[in-house]
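Chemist: sequence plus the predicted model coming up.
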Amino acid sequence: MIIGSQQQFTATAKGFGAASTAVTWTVSAPAGSSLSPGDISATGLYNTPFPAPASVTITATSVATPAVKGSVTVSLSEAPGARGPALIVDTGNKTHAISPDIYGMNAFSMLNAVGKAVNLPIDRFGGDGTSLYNYKLDVTTAGSDWYYKNGVEHGGTQEDSSFNFQVKNDKAVGARTMGTVPMEGWVANKGTGCSYPRSIYPSQTKFNPYDPKCGNGVYPKGTNGCTEEKGCDITGNDPTLIAEPIDNAEWAHGWVSYLVSKFGKAADGGVAVYSLDNEPSWWDGGHRDVHPAPSTYDEVTNNGIATAKAIKSADPTAGVSGPVVDFWFNYFYSKKEIESGWMTAPCHKAGSNPTDRDAHGGVPFVEYYLQQFNAASTAYGARLLDYLDLHTYFAGSYNGQEVGLAPAGDTQVQEVRLNSTRAFWDPTYTDKEHPQPNYKTDANYTSSCNVPQQAPQLIPMAQKWVAANYPGTKIAFTEYNWGGQENVNGAVAQADILGIFGKFGLDLATLWGPPDPVKQAPGLMAYEIYRNYDGKSSMFGDTALSSNSANQAQLSVYGAARSTDKATTIVVINKTYGPLTTTLSLENFKSKNKSAQAFLYSNANINAIVPQSAVSITPAVDSGKTGTISYTYPAQSITLFVIAN
């Protein structure tokens, strides 16, 4: 059986009369193998893994009599070598500078050795917990992520806080820091306690297994009039049990002023960028104990402008990013009307009752946000928003399960992971989870509940919004994760994403859930191929070159010129499960160099990028200007060529 394929198995249990002919299916790897055997469905459909053991055993077990079984051993082999698509890099066509900040991560500074290994450029202090972070006490609250419980983050004091610790560590590895300022009107008020204590609400569906005094804030069916099978949210709680009210702008000004006094202004090496809170679409979910009402256009926009002014007044050189919204429909509608739309018949869609958008001239939320910041900046006399900040969890789904933030899975799951990186750029890629927003002025608006799909094209879409509404604003994707980082497949996906970010001109990106250096080495290798491929801090180029593949589903190619030594650097990614041989054309190739250095990351050595033998460059024929490299790219691999000037 070829790795990357599927096979349907069938079996019938006989001799049990009318009891049952049904079987259950299992798959196992040979004894002693550490490799996954893949997955087999309840109906016997088998999906291979990658990497794969030499064979697997498929077993059918009688439902009626489990002692009765039948097995077959299946050999697994790599797909045979094939001709790959043509690749072209125009070494004379420099398209734009590649921002180093696209190689950022979230809260990675705790691991200094790894931060140095990837030459981390920017490190974000963000996530749900930072929404109520009290810098004076170094305390936050976990919200719905963990029983609405408060906790001390690091040292428990203003001077010895977790944020200060991150800034210091970031400086040690040469990374800039991106902070998050609260904007919900509350911050945690002490290092202990929770919003739904057992002493006040003795009947809840769950209690903290490590601190049974704290519950999940959900009544079970039958309690306090709850009629829902899954329980009902407790309402009317006292937020001051865990939080204190703040004036958002005043709090931000105080914190930034303190950080400037401690670390200097952003221009002098202090905190570089401040995000305006985190994912306002879920304030009424993750932090419903203090913010039970869904966010609106006006709350997020007006509070954001006031808070941005406070930040800029304390440090005019610092960047500000917002609105930090995190899912497709919140790009176009407020959370208030999304929830209303979900409850509105007959379609129960996010845009079914767009009252907030109607009240704001029909302008999509993100575009309205940009317009208002543009106007406010003009009145203020200086830019107030430096980055349009979006969270982009757009990894695809397989059998109803998202592949992002998930293990690598079998090869069918892996193919979804690799295919869905197209959400960042491809006008032909669609996903049923991201239909058109379906506002009445949309070109393809329909009154039908069957809404057409729309290609996200996340980077071009954001660039278009900025150009039309607030020119000069940079674009940041401060949370994303395509999963599988423990597997070479996750490394291939991550390397493809970083290549896309560079090719399409994104300004800043920070991976959520940075790779564990022990358990998720492949995820780190995807960064090192761009940031430290030889262990000597050598990096991918900083100016993008026009690069194209005849079939990016098989091979992706990303070229860049390196300003420090004029070298040409090229990353080629094989997304298939077999080796592909093809020709890489180097257009307008002026270097007299007849060979290229090559570096390979593949499953052959999961823990390192391995230097390869020098690769020959065939010079241009006669008066031509195109050199060529003929090469075979291993299955699921990342290859880097470095051509000296």
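Modeler: Cool, got the structure.
Chemist: got a list of what residue 432 touches?
Modeler: residue 453 (Cβ atoms under 8 Å, 6 or more residues apart in numbering). Placement of C-beta: from N, CA and C, glycine included.
Chemist: check it and give its pLDDT.
Modeler: On the pLDDT scale, residue 432 is placed at 91.
Chemist: swap in residue 496?
Modeler: pLDDT, residue 496: 98.
Chemist: now do it against residue 180, distance only.
Modeler: Using Cβ to Cβ, to the nearest Å, residue 496 is found at 28 Å from residue 180.
Chemist: do residue 499 as well
Modeler: Here residue 499 is placed at a distance of 28 Å from residue 180 (Cβ to Cβ).
Chemist: okay, the two: which has more neighbours?
Modeler: residue 499 (28 against 23; other Cβ atoms under 10 Å).
Chemist: which stretches in the stretch 151-300 of the chain count as helices?
Modeler: 162-173, 248-263, 283-286, 297-314 (DSSP state H, counting those that start in this stretch).
Chemist: cool, and the stretch 401-550 of the chain?
Modeler: All helices of the stretch 401-550 of the chain, identified by DSSP H, counting those that start in this stretch, fall at 411-419, 458-469, 488-503, 521-531.
Chemist: which one, of those, ends up nearest to residue 191?
Modeler: Nearest of the helices of the stretch 401-550 of the chain to residue 191, taken as Cβ to Cβ: helix 521-531 at 32.6 Å.
Chemist: so what touches the closest one?
Modeler: In this structure, residues lying in contact with helix 521-531 by Cβ under 8 Å, 6+ apart are 103, 114, 117-120, 484-488, 490-495, 498, 514-515, 517, 537, 539-540, 571, 599, 601, 606-609, 638, 640.
Chemist: repeat for stretch 32-50
Modeler: Contact partners of stretch 32-50, identified using Cβ under 8 Å, 6+ apart, comprise 1-11, 23-29, 51-53, 56-58, 60, 74, 76, 409-414, 487-489, 577, 603, 635-636.
Chemist: for ChimeraX, write a command that selects the buried ones of the residues you listed.
Modeler: To isolate the buried ones among the contacts of stretch 32-50 in ChimeraX, judged by 16 or more other Cβ atoms under 10 Å, type:
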select :1,3,4,9,11,23,24,25,27,29,51,52,53,56,58,60,74,76,409,410,411,412,413,414,487,488,489,577,603,635,636
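Chemist: among the contacts of stretch 32-50, which are in strands?
Modeler: 6-8, 23-28, 56-58, 60, 74 (DSSP state E).
Chemist: just these: which has the poorest pLDDT?
Modeler: Confidence-wise, residue 23 trails the rest of those, at 93.
Chemist: not counting sequence-adjacent ones, nearest residue to that one?
Modeler: Nearest residue to residue 23 in three dimensions, chain neighbours excluded: residue 60, at 4.1 Å (Cβ to Cβ, 6 or more residues apart in numbering).
Chemist: quick one: contacts for the spatially closest residue to residue 86 that is not a sequence neighbour?
Modeler: With sequence-adjacent residues excluded and distances taken as Cβ to Cβ, 6+ apart, residue 86 is closest to residue 550, at 4.5 Å. Counting by Cβ under 8 Å, 6+ apart, residue 550 touches 85, 86, 87.
Chemist: show the buried residues in the residues you listed.
Modeler: Using 16+ other Cβ under 10 Å, the buried ones in the contacts of residue 550 are 85, 87.
Chemist: which one of the contacts of residue 550 is nearest residue 308?
Modeler: Nearest to residue 308 among the contacts of residue 550 is residue 87, at 43.9 Å by Cβ to Cβ.
Chemist: next up, phi/psi of residue 512, please.
Modeler: For residue 512, the backbone dihedrals (degrees, to the nearest 10) come out as phi -90, psi 140.
Chemist: residue 105 versus that one, what's the distance?
Modeler: 8 Å.
Chemist: give me the more crowded residue out of those two.
Modeler: Using other Cβ under 10 Å as the criterion, residue 512 and residue 105 rank with residue 105 on top: 25 against 20.
Chemist: could you find the closest non-adjacent residue to the more buried one?
Modeler: Leaving out its chain neighbours, the residue that sits closest to residue 105 by Cβ to Cβ, 6+ apart is residue 514, at 4.2 Å.
Chemist: contacting residues around the one you found?
Modeler: For residue 514, the contacting residues are 105, 106, 107, 108, 523, by Cβ under 8 Å, 6+ apart.
Chemist: quick one on the thing from earlier: list buried residues within the contacts of helix 521-531.
Modeler: 103, 114, 117-120, 484-488, 490-495, 498, 514-515, 539-540, 571, 599, 601, 609, 638, 640.
Chemist: quick check, central residue of the chain?
Modeler: Centroid check for the chain by Cα atoms, centre = their mean gives residue 480 as the closest residue, at 1.1 Å.
Chemist: ok, and the closest non-adjacent residue to that one?
Modeler: residue 392 (4.6 Å).
Chemist: my guess is the one you found meets residue 424, correct?
Modeler: Yes - here residue 392 lies in contact with residue 424, judged by Cβ atoms under 8 Å, at a distance of 7.4 Å.
Chemist: list residues touching both of those two?
Modeler: Residues touching both residue 392 and residue 424 by Cβ under 8 Å, 6+ apart: residue 458.
Chemist: now tabulate the helices of the stretch 401-550 of the chain in a markdown table and tack on distance to residue 273.
Modeler: Shown next, in a markdown table, are the helices of the stretch 401-550 of the chain (distance: least, Cβ to Cβ, whole Å):
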| stretch | distance to residue 273 |
| --- | --- |
| helix 411-419 | 29 |
| helix 458-469 | 16 |
| helix 488-503 | 17 |
| helix 521-531 | 20 |
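Chemist: which of the ones you listed is buried the deepest?
Modeler: Among these, the stretch with the highest mean neighbour count (mean count of other Cβ atoms under 10 Å) is helix 488-503, at a mean of 27.
Chemist: got the angle for that one vs helix 411-419?
Modeler: 10 degrees (axes from the mean of the first three to the mean of the last three Cα atoms, to 10 degrees).
Chemist: send the alpha carbons of helix 488-503 over as CSV?
Modeler: Coordinates of each C-alpha in helix 488-503 appear next as CSV, following Å, rounded to 0.1, in the frame of the first residue of the first chain:
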residue,chain,number,x,y,z
VAL,A,488,7.7,16.7,9.8
ASN,A,489,4.3,17.5,8.2
GLY,A,490,3.8,20.3,10.7
ALA,A,491,7.3,21.6,9.9
VAL,A,492,6.5,21.5,6.1
ALA,A,493,3.2,23.4,6.8
GLN,A,494,4.9,26.0,9.0
ALA,A,495,7.7,26.5,6.5
ASP,A,496,5.2,27.0,3.8
ILE,A,497,3.3,29.6,5.9
LEU,A,498,6.5,31.6,6.6
GLY,A,499,7.3,31.5,2.9
ILE,A,500,3.9,32.8,2.1
PHE,A,501,4.2,35.6,4.7
GLY,A,502,7.4,36.7,3.0
LYS,A,503,6.2,36.4,-0.6
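Chemist: neighbours of the closest residue to residue 364 other than its chain neighbours, how many?
Modeler: Of all residues not flanking residue 364 in the chain, residue 332 sits nearest, at 4.3 Å (Cβ to Cβ, 6+ apart). By other Cβ under 10 Å, the residues close to residue 332 number 24.
Chemist: quick check: residue 332 touching residue 435?
Modeler: No - with contacts defined as Cβ under 8 Å, residue 332 does not count as touching residue 435, sitting 11.0 Å away.
Chemist: so where's the stretch 101-250 of the chain uncertain?
Modeler: 109-111 (pLDDT under 70).
Chemist: all strands of it, in order?
Modeler: Along the stretch 101-250 of the chain, counting by DSSP state E, counting those that start in this stretch, strands occupy 104-106, 122-124, 139-141, 150-152, 176-181, 186-188, 207-208, 211-215, 218-219, 232-233, 243-245.
Chemist: residue ranges of the helices in the stretch 1-150 of the chain, please?
Modeler: Using DSSP H, counting those that start in this stretch, the helices of the stretch 1-150 of the chain run over 112-117.
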